[in-house]
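J.: next comes the sequence, and after it the predicted model I'd like to discuss.
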Amino acid sequence: MKYIQRISCVISVRRYELRIVVHDTLQVQAADKSLFGGSGDTSDIYVKSWLKGTHDTQETDVHYRAQQGEGNFNWRFVFPLEYFSTEQAMIVKYKVSG
């Protein structure tokens, strides 16, 4: 007679959302010269965010011709992810287009 030992484990998956809030940028280096002889150099400022190992990139709107390296945002990035507590690993799913 053979006895088969059954090992069962419960894999608990918790779904989370990583939320990143962008309020202000400071001291962004000016990249463009003013064509109209204005009060100095300007830059078009935006913030781009992604999770390492994914293709999901998100961007804020653009603040055109920002002077003195300051941009004011009220932007939220939201990245869905799953956490496997038994393995202590974060899993991010994304679709590969091709």
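T.: Perfect, I can see it now.
J.: residues in contact with Asp44?
T.: By CB atoms under 8 Å, 6 or more residues apart in numbering, Asp44 lies in contact with 31-32, 62-66. For every residue, glycine as well, the C-beta is placed using N, CA and C.
J.: and the residues you listed, which are buried?
T.: Buried members of the contacts of Asp44, scored by 16 or more other CB atoms under 10 Å, are 63, 66.
J.: in TSV: the contacts of Asp44, plus distance to Val22.
T.: Formatted as TSV, the contacts of Asp44 follow (distance: CB to CB, whole Å):
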residue	distance to Val22
Ala31	19
Asp32	22
Val62	13
His63	11
Tyr64	17
Arg65	19
Ala66	14
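J.: out of the contacts of Asp44, flag the one nearest to Tyr16.
T.: Comparing those against Tyr16 with CB to CB picks out Val62 as the nearest, at 29.3 Å.
J.: quick check: that closest one vs Thr25, distance?
T.: As judged by CB to CB, to the nearest Å, Val62 and Thr25 stand 12 Å apart.
J.: so what sits against both of those two?
T.: Common neighbours of Val62 and Thr25 (CB under 8 Å, 6+ apart) are Ile45.
J.: rewinding a little: what's the closest of the contacts of Asp44 to Asn74?
T.: Checking these against Asn74 by CB to CB gives His63 as the nearest, at 11.9 Å.
J.: ranges for the strands of the protein?
T.: Taking DSSP state E to define them, one finds strands in the chain at 13-25, 42-45, 48-50, 57-59, 63-67, 71-84, 89-91.
J.: what pLDDT, on average, does the last one get?
T.: Averaged across strand 89-91, pLDDT comes to 63.
J.: all set now, cheers.
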